[in-house]
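Colleague: Whatever this is, show me its structure:
(2 chains)
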Amino acid sequence: MNCEKIRERTADYLAGELDEESLAGMRAHLAECPHCREELEGLSVIWTKLGVLPNEEPSAALRSRFYGMLEAYKKGLKKEGEGQGAKRALSIWLGRLMPRKPAFQLGLALILMAAGLGSGFLLSVRPRSAARAEMASLRGEMDGMRRIVAISLLKQASPSDRLMGVSWSVRIDRPGDEIIAALLQTLNHDPNVNVRLAAADALYLFYDHPEVKKGLIDSLAGQTSPLVQVSLISLLVEIRERRAVEALERLIQNEKLNPKVKKLAELGLVQLS
Amino acid sequence: MKTIIRLAGIMILLWAAGTAGSPQESQADHAVVNFSDPAKPGTVEVNISEGSITVRGFEGKDVIIDARWREKVLTKEEQEGEADLAEAEEELDQEEMARKKAQAEKAKGMKMLEVESMGLTIEEEENVIQVNAEEGKRAVDLLIQVPFSTSLRLSCHDDERGVTVEGVSGEIEVETSDGPIVLTNVSGPVVADSSDGEIKAVFGKVTPGKPMSFSAMDGDIDITLPLDVKASLKMKTDEGQIFTDFDVRLTPSQQKKEEDERKEGGGYRVAFEKVTLGLINGGGVEIQLTTYEGNIYVRKAK
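Modeller: Now for the predicted structure:
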């Protein structure tokens, strides 16, 4: 059973209306797919909360009152004869339907509101979960598509295309290892300084990914462009990456290092330690 | 199809021993190269270590290359190197000294022929013309005329004169270490980098949907865009300033990082990247401008 089928059957599962075979298939899938599990958990919480809401039933008093009012209305109708306008009759009918005491009026209003909310909730739960599933799968598809586009653009001969590849990779919600690896590869080996700069900026946005911080630190030693060095130093200081201290110290010892980069690296060392 | 033209493989210059310092006429090379498929826009790739590159678009199908070899000028490093060598000579042992003396005796009354090797290699393969100058002692000034739609990949190091491009509508990738980059009447996506030089680019029009990027360590970046350009600028300068006469709508930087470690006993902080995002005419083609010390100028075409 795939994720899509699972989503279709979620409502039946929650209502306990699945046959044995589907139930087994569903359980097997849930055991493997953390994503569906998460979604189902969310949904079952809502489902249980809905179950707790009491069903609205009119009280016996309301019933007798209603019939009483109806009787009185019929009598009144006979008494007042045919001269009464239909409009007026209706307004009287409705007025009598209303409990006389303000406390009862408020009570009735609250009950009606609760019933409205409850039924609205019940009615909307299916489309809402379907819409959510649709959104989630759409987002997943978009991410997958962006990944493919980004990776293929990063391999192009034109630097402008590779820049576009970097832009695409930034738009991915969950970049995944593949994109991170491709961006690090670009940062370290792209022949163009501008593309390497863009890759550094992009990686900064994904710095909570475990590979990124290490990748940025390791990259520092191999960079020859002063601008890329400056950019990396700023990023490492920005994310207060203390492990970068060693790399900065090594960089400062390089005799060929641009004096401005050296100054910035020294400043960075002070800020980090 | 592959054409290889070797030019000026070896040139011999006669130098009178006594007039070594007098100015010498520089040598010029000329070559016309055609693309294997002239119907499609080709690419010209130039890679020289010392010298300058000038490329001009023209109404033609071929690529015309003129190379002018500059008078040899010793760089500071080379001068130091020669001084070191002279110093070392003083320490030569007696035997070596005697041999040198004997050699000098033999050459008495004669002129020395200085043999200077210069090489320019031009190759064409699959619509890509590659021009490489052999790494020699002399700098070369290249003037290259190309069909308008040609794409360029230019790289020029260790020279003050840098790269100049005029009237080329293809994609341009250019890098210099010392010299400036000056692009006039270009339209293709430009990706330019200069370590010590400045970058100036005047666009006749801008190819939509193709990102561009300019970066310089020390120099200014000065770009001129058409009035109606739709562009999204991403500007970053550490020590310089940004100037423009466009109506640029600044948008908050997206590169925001939030850290909340208060639960773990740490602190809370929000960091913003020093990138300024600006939209011209609602935004469009991505243009990244990065400089460390220089200023950024974004001008309206007059």
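Colleague: Tell me which helix or strand comes right after the lowest-mean-pLDDT helix or strand in chain B.
Modeller: Least confident element among the helices and strands of chain B, by mean pLDDT, DSSP states H and E: strand B:10-14 (a mean of 32). As assigned by DSSP states H and E, the chain's next helix or strand after strand B:10-14 is strand B:28-34.
Colleague: wait, A:Val228 sits on A:Val193?
Modeller: Yes. The criterion here is Cβ atoms under 8 Å, and A:Val228 meets it with A:Val193 at 6.3 Å. All C-beta spots, glycine's among them, are computed from the backbone N, C-alpha and C.
Colleague: Report the contact partners of B:Gln288.
Modeller: Neighbour list for B:Gln288: A:163, A:194, A:197-198, B:211-215, B:233-236 [criterion: Cβ atoms under 8 Å, 6 or more residues apart in numbering or on different chains].
Colleague: cool, A:Lys214 as well?
Modeller: Taking Cβ under 8 Å, 6+ apart, one finds A:Arg243 in contact with A:Lys214.
Colleague: could you dump the helix or strand hosting it to PDB, C-alpha only?
Modeller: In this assignment (DSSP H and E), A:Lys214 forms part of helix A:210-222. Provided in PDB are the C-alpha atoms of helix A:210-222 (Å, rounded to 0.1, in the frame of the first residue of the first chain):
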ATOM      1  CA  PRO A 210      24.900  18.300  10.100                       C
ATOM      2  CA  GLU A 211      27.200  18.200   7.100                       C
ATOM      3  CA  VAL A 212      27.100  22.000   6.400                       C
ATOM      4  CA  LYS A 213      29.200  23.400   9.300                       C
ATOM      5  CA  LYS A 214      31.900  20.800   8.800                       C
ATOM      6  CA  GLY A 215      31.800  21.400   5.100                       C
ATOM      7  CA  LEU A 216      32.200  25.200   5.500                       C
ATOM      8  CA  ILE A 217      35.200  24.800   7.800                       C
ATOM      9  CA  ASP A 218      36.900  22.200   5.600                       C
ATOM     10  CA  SER A 219      36.400  24.400   2.500                       C
ATOM     11  CA  LEU A 220      38.300  27.300   4.000                       C
ATOM     12  CA  ALA A 221      41.700  25.700   3.500                       C
ATOM     13  CA  GLY A 222      41.100  25.000  -0.200                       C
END
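Colleague: So for that helix, what gets flagged as buried?
Modeller: For helix A:210-222, the neighbour count (16 or more other Cβ atoms under 10 Å in any protein chain shown) marks A:212-213, A:215-217, A:219-220 as buried.
Colleague: same check, this time on stretch B:287-299
Modeller: Buried, per 16+ other Cβ under 10 Å, within stretch B:287-299: B:287-292, B:294-298.
Colleague: How about stretch B:161-168?
Modeller: For stretch B:161-168, by 16+ other Cβ under 10 Å, it's B:161-165, B:167-168.
Colleague: Quick check: the farthest pair among those?
Modeller: B:Arg161 and B:Gly167 (19.3 Å; Cβ to Cβ).
Colleague: residue ranges of the helices in chain B, please?
Modeller: Secondary structure of chain B (DSSP state H): helices at B:76-90, B:94-106.
Colleague: typo on my end, it should be the stretch 1-150 of chain A
Modeller: Ranges of helices within the stretch 1-150 of chain A are A:3-15, A:20-32, A:34-52, A:60-80, A:86-97, A:102-154, based on DSSP state H, counting those that start in this stretch.
Colleague: Let's have the buried residues of stretch B:161-168 in a markdown table, adding pLDDT.
Modeller: Shown next, in a markdown table, are those (pLDDT from 0 to 100):
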| residue | pLDDT |
| --- | --- |
| B:Arg161 | 88 |
| B:Gly162 | 92 |
| B:Val163 | 96 |
| B:Thr164 | 96 |
| B:Val165 | 97 |
| B:Gly167 | 96 |
| B:Val168 | 96 |
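Colleague: hang on, the earlier thing: run through the buried residues of helix A:210-222 and flag the ones next to chain B.
Modeller: Near chain B, taking Cβ under 8 Å from any Cβ of the partner chain as the test, no member of the buried residues of helix A:210-222 is found.
Colleague: Now for those: which two are most distant?
Modeller: A:Val212 and A:Leu220 (13.4 Å).
Colleague: and the gap between the closest residue to B:Leu250 other than its chain neighbours and B:Phe203?
Modeller: Using Cβ to Cβ, 6 or more residues apart in numbering or on different chains and skipping the chain neighbours, the partner closest in space to B:Leu250 is B:Gly278 (5.2 Å). As judged by Cβ to Cβ, to the nearest Å, B:Gly278 and B:Phe203 stand 17 Å apart.
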